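Participant: Need a 3D model of the sequence below.
(chains A and B)
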Amino acid sequence: MLSRRIVVCLDVAGGRVVKGVEFESLRDIGDPVELAMRYEAEGADEIVFLDISASHEKRATLLDVARRTAEGLFIPLTIGGGIRTVADVGNSLRAGADKVSINSAAVTNPDVLTESAERYGAQCVVASIDARREGEGWRVYTQGGRNKTNLEPISWAVECVNRGAGEILLTSIDRDGTRDGYDVELTRLVADAVPVPVVASGGAGSPSDIVEVLSAGHADAALVAGILHDGQVTVQEIKRQLEDAGLRARNVA
Amino acid sequence: MKVAILDYGAGNLHSLAKALSRAGTNVAIETDAERALASDALILPGVGAFSLAAQSLAPYIVPIREALSTGFPCLGICLGMQLLFDISEEGEGEGIGIFSGRVRRLEGRRVPQIGWNDLEETQGELFEASDLRTAYFANSFVCEPSDLTSIRAWATHEGDRFVASVETQNVVGVQFHPEKSSTLGIAFIDAFLRRLKR
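Facilitator: Okay, the predicted model is just below:
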């Protein structure tokens, strides 16, 4: 039986891990290679580097970071942020990523999912979907939440899988950074609709939020960032609570 | 000691190369299988699709089969394990066939299987030395060996029980990614390399 995964997300800009404070200033919190390896040692199941660099030049440094990370990290590494073409996917994989997450480009050019999956296999193609509640339902946004699309996340997730995605990374824009808990309802609707793993993202405030999205939300994995970086909780503590709740977790001390 | 990773296309060979070279092993990434066979062991990595990989192996399939069936050491990972069998449902092409049997699609609602899965009924010195019990998988296809005595581990995805590792002579196949299975996965690779030195 598959274990539920704890995926640690590191926001990277210009080769450093940063933390946004109210979208204005970015605070440096460390070296991505060191942090990734530290989280592996703590029991993280996967690492995601999300490139939030504004410029193309700074993005190139992420590939160098990935290369250095891959030399010492022996759990899967996903790279996301600014991936537009099959060539970007190939470059990321060659640099040391195991999976590549594609967000805005999947909406403007869904063929990038299909071509990447045909070339490199569905298991390395992650469709990243940012959704915001709207009335009774939800709406897909791109460009880091700035651009509203006419897509609805559940059918869009199904479409992404039909086009080749092997995993869905689902972020609730409403919950992101709030620590109020994941959007469990949205996660469950998407997880029940697609035949691939769903990674829930946005809103983790405590281990019990993670337990909830993995049980009631039917997610395969939970993306966690802030509460780990702040030292509010450790990966081990999260995993202990998963096991206490009857969820299978790897590497519980 | 020198081992060669056979590069039959795209993907991430960095971590695998680094995992192999940790203990001071010389690692070469080769696109030419004959040059790879001039090293001390052949590593078939786990990236790409069966038919494309089989296509790039095709010119060398006879010498590879000959070498592996006469004791040349080999570690096949994920797709690399599948290439050690005869044929695959995934696509056209001939495998190396050192294990007789076919590669079939994994059954279950969620395919590909992506994540950490428990190994069952592990046996053999590589599992004993590493104590690897949970490993990282990323696959849509699995192997069905006709010789059940070659099986060294099983795993189950949803209701589908499948072979997670096989071994014959000096050839080891693993459906999981030891290079992505953290400390104990690296210990598994180290155990394979230690055996080469004997």
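Participant: Any regions of the stretch 51-200 of chain A where pLDDT drops low?
Facilitator: Residue ranges of the stretch 51-200 of chain A with pLDDT under 70: A:54-58.
Participant: For the stretch 151-253 of chain A, which residues are neighbours of chain B?
Facilitator: When proximity is defined as C-beta under 8 Å from any C-beta of the partner chain, the stretch 151-253 of chain A approaches chain B at A:166-167, A:195-197, A:220-221, A:250-251. Using the backbone N, CA and C atoms, a C-beta is placed for each residue, glycine as well.
Participant: Report the two of those residues separated the most.
Facilitator: Pairwise distances across those peak at 27.1 Å for A:P195 and A:N251 (criterion: C-beta to C-beta).
Participant: longest helix in chain B, by residue count?
Facilitator: In chain B, assigned by DSSP state H, the helix with the most residues is helix B:182-197.
Participant: what packs against that helix?
Facilitator: If contacts are counted by 3 or more C-beta pairs under 8 Å, 6 or more residues apart in numbering or on different chains; DSSP states H and E, helix B:182-197 sits against helix B:14-21, helix B:125-130, strand B:134-139.
Participant: Which of the ones you listed comes out lowest on mean pLDDT?
Facilitator: Ranked by mean pLDDT, the helices and strands packed on helix B:182-197 bottom out at helix B:14-21, with a mean of 90.
Participant: Quickly list what the nearest residue to A:V126 once chain neighbours are set aside is bridged to.
Facilitator: For A:V126, ignoring the flanking residues on the chain, the nearest one in space by C-beta to C-beta, 6 or more residues apart in numbering or on different chains is A:S101 at 4.0 Å. Residues in a beta bridge with A:S101, per DSSP bridges, are A:G80, A:V126.
Participant: Any idea how many residues pack against A:S101?
Facilitator: Using other C-beta atoms under 10 Å in any protein chain shown as the criterion, A:S101 is surrounded by 27 other residues.
Participant: quick one: it and A:V48 touch, right?
Facilitator: Yes. A:S101 is within contact range of A:V48, at 7.2 Å (criterion: C-beta atoms under 8 Å).
Participant: intersection of neighbour lists for those two?
Facilitator: Between them, A:S101 and A:V48 share these contacting residues under C-beta atoms under 8 Å, 6 or more residues apart in numbering or on different chains: A:78-80, A:169.
Participant: out of those residues, who's nearest B:A28?
Facilitator: Closest to B:A28, out of all of these and judged by C-beta to C-beta, is A:I79, at 26.0 Å.
Participant: Contact partners for that closest one?
Facilitator: A:48-49, A:51, A:62, A:66, A:92, A:95, A:97, A:99-101 are the contacts of A:I79 under C-beta under 8 Å, 6+ apart.
Participant: Distance of it relative to chain B?
Facilitator: Counting by C-beta to the nearest C-beta, to the nearest Å, the gap from A:I79 to chain B is 10 Å.
Participant: which residue packs closest to that residue, ignoring adjacent ones?
Facilitator: A:A97 (4.1 Å).
Participant: and the biggest helix by length in chain A, what other elements does it pack with?
Facilitator: Longest helix in chain A, counting residues (DSSP H): helix A:56-70. Other helices and strands packing on helix A:56-70, by 3+ C-beta pairs under 8 Å, 6+ apart, are strand A:5-13, helix A:32-42, strand A:46-51, strand A:77-80, helix A:86-95, helix B:14-21.
Participant: For A:V126, find the nearest of these.
Facilitator: That would be, of the helices and strands packed on helix A:56-70 and by C-beta to C-beta, strand A:77-80, which comes in at 6.1 Å.
Participant: starting at the chain centroid, how far to the closest one?
Facilitator: Relative to its chain's centre, strand A:77-80 lies at 8 Å (C-alpha atoms, centre = their mean, to the nearest Å).
Participant: Enumerate every residue touching the residue positioned nearest the centre of chain A.
Facilitator: Most central in chain A under C-alpha atoms, centre = their mean is A:L169, positioned 5.2 Å from the mean C-alpha point. When contacts are counted by C-beta under 8 Å, 6+ apart, A:L169 touches A:48, A:80, A:101, A:126-129, A:199, A:201, A:223.
Participant: I'd like to know which of these are buried.
Facilitator: A:48, A:80, A:101, A:126-129, A:199, A:201, A:223 (16 or more other C-beta atoms under 10 Å in any protein chain shown).
Participant: Can you give me the pLDDT of B:R105?
Facilitator: 96.
Participant: what pairs with it across the strands?
Facilitator: The partner residues for B:R105, given DSSP bridges, come to B:F141.
Participant: correct me, but it touches B:E144?
Facilitator: No. With contacts counted by C-beta under 8 Å, B:R105 stays clear of B:E144, the gap being 10.9 Å.
Participant: can you map out the helices along the chain?
Facilitator: Looking at chain A here, since you left the chain open. Going by DSSP H, chain A shows helices at A:32-42, A:56-70, A:86-95, A:104-108, A:111-120, A:153-162, A:184-193, A:207-215, A:226-229, A:235-244.
Participant: meant chain B actually
Facilitator: B:14-21, B:33-36, B:50-57, B:61-69, B:79-82, B:125-130, B:182-197.
Participant: Pick the most buried one from those helices.
Facilitator: helix B:79-82 (a mean of 28; mean count of other C-beta atoms under 10 Å in any protein chain shown).
Participant: And that helix, how far out from the chain middle?
Facilitator: For helix B:79-82, the distance to the chain centre is 5 Å (C-alpha atoms, centre = their mean).
Participant: What residues does chain B have near chain A?
Facilitator: Counting by C-beta under 8 Å from any C-beta, chain B sits next to chain A at B:10-12, B:14-15, B:18-19, B:47-49, B:109-118, B:134, B:136, B:138-140, B:156-157, B:179-183, B:185-186.
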